[in-house]
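J.: Sharing a sequence plus its predicted fold:
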Amino acid sequence: EYQKIFKVFICTLLFVCLFGLAQTSCHLNLKQTATPESDWFYEALNAEERGNYKKSFEIFKSVAEKGGPEAQVRLGYMYDIGIGVTQDNTQAMKWFRKAAEQGEPEGQYNLGLMYGKGQGGTRDLSQAANWLHKAAAQGYPAAQSDLGDMYSTGQGVTQDNTQAINLYRKAAEQGDHKAQNNLGKMYAQGREITQDFVQAYIWFDLAAWKSEGEEIHTTATHNREIISKKMTPDQIAEAQRRVREWVNKHQKKQFHPSGNLENQPRTTNSNLHQWYHLQADRSDGNFSLSRTLFASKYSQIKSLWSEV
């Protein structure tokens, strides 16, 4: 009798142990699938830093397929550039669109770029303008700058210098170098705005600052030199003073009292690309560091539209 009771006890004990293990396993598995966004993001980022782009791609794809707009943008970049996966413009456009339709400004901007370049489909400037408008309305400077180009040249929209100036100014105030240079040109030429060499110098100087290694640096520096020859020493001094004020207000840093930012230390290209995109979300704050992986390409994209 005791043996039967003992056997029942052992069987019950084994059942409880096995059930407990099953519960623990299930709990652990659920915990893995319910990983917070920050966990999967940093796992993908660490994979990128180790050069394991295939793993990074797989992580982003998994989250993107569940509807994560941030991961959808990353996936779009990876297909567009061909990192961790075979380059495929159609797939890039697909994922940018998914993010864009969820209201993600970076997805909207990149979808606009692809329509403007005719990549992943037929070139459509009206659609390019449509998506750039959506991103610009959310304060995305690159979209504001490119949309300004479209209004300046009348491509995809009705030509309107006043609109171009407004968009350039919004992007320029957020540190977009191309917009700063184009706003300087508007002031230098007096296009739908009172001609003002001091303002032109200010924006050319700001465009040249911290843009070393980018094509815009040479252009802005050249424009500043040309405009300075039309200015008096007092005007140049006033422009430099106002440049210092702008920098101290926007960057919270101190600079040489000469006001000529050309003589100041600059960041490395890597840090520059990070700085360029960090403003970026440019409404600030929500920017993901992995964007710097792709910044070297996107911060050097030539305007899709003709120069002002």
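T.: Thanks, I have it.

J.: the bottom helix or strand of this protein by mean pLDDT?
T.: helix 269-278 (a mean of 32; mean pLDDT, DSSP states H and E).

J.: mind listing what Gly148 touches?
T.: For Gly148, the contact set (Cβ atoms under 8 Å, 6 or more residues apart in numbering) comprises 163-168, 171, 179, 182. C-betas here are computed from N, CA, C, even on glycine.

J.: That one in helix, strand or coil?
T.: Per DSSP: H, G, I helix; E, B strand; the rest coil, the local secondary structure of Gly148 is helix.

J.: Any idea how many residues pack against the residue nearest to it when sequence neighbours are not counted?
T.: Once flanking residues are discounted, Gly148 sits nearest to Leu167: 3.6 Å by Cβ to Cβ, 6 or more residues apart in numbering. For Leu167, the neighbour count with other Cβ atoms under 10 Å is 28.

J.: what does Thr162 give?
T.: Thr162 has 11 nearby residues by other Cβ under 10 Å.

J.: how near is it to Arg191?
T.: Thr162 sits 9 Å away from Arg191, going by Cβ to Cβ, to the nearest Å.

J.: okay, the helix or strand encompassing Ala92 in PDB with CA atoms only?
T.: Here Ala92 sits within helix 89-100, counting by DSSP states H and E. The C-alpha trace of helix 89-100 is given here as PDB (Å, rounded to 0.1, in the frame of the first residue of the first chain):
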ATOM      1  CA  ASN A  89      14.800  50.400 -55.200                       C
ATOM      2  CA  THR A  90      11.400  48.800 -55.400                       C
ATOM      3  CA  GLN A  91      11.700  47.300 -51.900                       C
ATOM      4  CA  ALA A  92      13.200  50.600 -50.600                       C
ATOM      5  CA  MET A  93      10.200  52.500 -51.900                       C
ATOM      6  CA  LYS A  94       7.800  50.000 -50.500                       C
ATOM      7  CA  TRP A  95       9.200  50.300 -46.900                       C
ATOM      8  CA  PHE A  96       9.600  54.100 -47.100                       C
ATOM      9  CA  ARG A  97       5.900  54.200 -48.200                       C
ATOM     10  CA  LYS A  98       4.800  52.100 -45.300                       C
ATOM     11  CA  ALA A  99       6.500  54.400 -42.800                       C
ATOM     12  CA  ALA A 100       5.300  57.500 -44.700                       C
END
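
J.: Pull the contacting residues for Thr158.
T.: Tyr151.

J.: any idea which helix or strand comes after the helix or strand where Glu43 lies?
T.: Secondary structure assigned from DSSP H and E places Glu43 in helix 37-49. Once the chain leaves helix 37-49, the next helix or strand it forms, by DSSP H and E, is helix 53-64.

J.: Packing partners of that next one?
T.: helix 37-49, helix 69-81 (3 or more Cβ pairs under 8 Å, 6 or more residues apart in numbering; DSSP states H and E).

J.: on that earlier part again, so which elements touch the helix holding Ala92?
T.: helix 69-81, helix 105-117.

J.: how about those in a markdown table, adding mean neighbour count?
T.: Listed next are the helices and strands packed on helix 89-100 as a markdown table, based on neighbours: other Cβ atoms under 10 Å:
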| stretch | mean neighbour count |
| --- | --- |
| helix 69-81 | 25 |
| helix 105-117 | 26 |
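
J.: the helices in the stretch 101-250 of the chain, which residues?
T.: 105-117, 125-137, 141-153, 161-172, 177-189, 197-208, 215-228, 233-251 (DSSP state H, counting those that start in this stretch).

J.: Fine by me, we can end here.
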